[in-house]
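> Here's my sequence, what's the structure:
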Amino acid sequence: MSVFFANPQTSNWKRCVICREKINFKSPRDFCRHLRDFHCTKEGGSYVCRYGRNNVCPSLPIDGVSDLDYEEHIMRDHVNQSTGTD
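Purely as a prediction, here's the structure:
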């Protein structure tokens, strides 16, 4: 369901595919922090993932989730997801 990972040899967390300045990360933790800081919004008490085409993550409810659910989401859907194109 996710978007745009063209190189199957590269881990999803090593590079942000959204940011124009191609940022490389040394660890999954750094990537998670980047997602929270630059590709997440907090609306009310819910966190909305914006890591996807048109700032919409296809695998998370558009109305957002709790903080813990957001952390689980980014690990499951953006860090540990298998690479490939959809």
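> burial measure for residue 59, as a count.
Burial of residue 59 is recorded as 14 neighbouring residues (other Cβ atoms under 10 Å). From N, CA and C alone the C-beta is placed, and that goes for glycine too.
> Check the gap between it and residue 24 for me.
24 Å (Cβ to Cβ, to the nearest Å).
> same check, this time on residue 42
For residue 42, the distance to residue 24 - Cβ to Cβ - is 26 Å.
> How about residue 71?
22 Å.
> quick one, which of these two is more surrounded?
More crowded of residue 71 and residue 24, by other Cβ under 10 Å: residue 71, with 15 against 10.
> Show me the strands in this structure, by range?
Along the chain, counting by DSSP state E, strands occupy 4-5, 40-43, 46-49, 84-85.
> what's the average pLDDT for the first one?
The average pLDDT for strand 4-5 rounds to 42.
> The last one too?
Taken as a whole, strand 84-85 carries a mean pLDDT of 44.
> before we move on, what about stretch 23-36?
Here the average pLDDT along stretch 23-36 is 94.
> So what touches stretch 60-72?
32, 36, 40, 42-49, 56, 73, 77 (Cβ atoms under 8 Å, 6 or more residues apart in numbering).
> please redo it, this time with the cut-off set to 7 Å
40, 43, 46, 47, 48, 49, 73 (Cβ atoms under 7 Å, 6 or more residues apart in numbering).
> So which bits of the lengthiest helix in the chain are buried?
If you go by DSSP state H, the chain has its longest helix at helix 28-38. By neighbour count with 16 or more other Cβ atoms under 10 Å, helix 28-38 contains the buried residues 28, 31, 32, 34, 35, 36.
> Good, we can wrap up now.
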